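1. let's see this in three dimensions:
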Amino acid sequence: MAYEARYVLRPNPGADLGAVIEAVKAGAALWKKHGAPDPQLWSVAAGELGNYVLTIQFENAAAYAKVTDPLSADPEFRRWQASNVQAGGFTWVRSNLMREIALS
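-> Predicted coordinates:
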């Protein structure tokens, strides 16, 4: 059963979009450092325009935990989080962890 983590963010008014994207790239690199297979950044094209979504897919809950447990404890990840709050370039809108339900 697949799992997907989604992190929705919105650049703050007046923010440097290039700097926001670089910050997300740095965060994605930290996910990859801990084994996330392929973090992807999406720009919302309909609905909540202006939002961006970082998605990370996992084979199952165990694979998700194998990445997120060490990521959450990584001092570099904590510094990355703190630096984003201090920089004020974007605001987290929401986070979702989704579990696939087989339809067949």
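
2. any weak-confidence spans in this protein?
-> Nowhere does the chain drop to pLDDT under 70.

3. name the helices or strands packed onto the lengthiest helix in it?
-> Longest helix of the chain, by residue count under DSSP state H: helix 17-33. Here helix 17-33 touches strand 3-11, strand 40-43, strand 52-58, helix 61-73, helix 75-87, going by 3 or more C-beta pairs under 8 Å, 6 or more residues apart in numbering; DSSP states H and E. Heads up, the C-betas are built off the backbone N, CA and C, glycines and all.

4. with distance to residue 97 and mean neighbour count added, can I get those in JSON lines?
-> Below are those laid out as JSON lines (distance: least, C-beta to C-beta, whole Å; neighbours: other C-beta atoms under 10 Å):
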{"stretch": "strand 3-11", "distance to residue 97": "5", "mean neighbour count": "18"}
{"stretch": "strand 40-43", "distance to residue 97": "16", "mean neighbour count": "12"}
{"stretch": "strand 52-58", "distance to residue 97": "10", "mean neighbour count": "19"}
{"stretch": "helix 61-73", "distance to residue 97": "7", "mean neighbour count": "14"}
{"stretch": "helix 75-87", "distance to residue 97": "17", "mean neighbour count": "13"}
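
5. quick one: which of those is nearest residue 100?
-> Nearest of the helices and strands packed on helix 17-33 to residue 100, taken as C-beta to C-beta: strand 3-11 at 7.2 Å.

6. so which elements touch the closest one?
-> Using 3+ C-beta pairs under 8 Å, 6+ apart: strand 3-11 touches helix 17-33, strand 52-58, helix 61-73, strand 90-99.

7. if anything else comes up later, I'll come back, but that's it for now.
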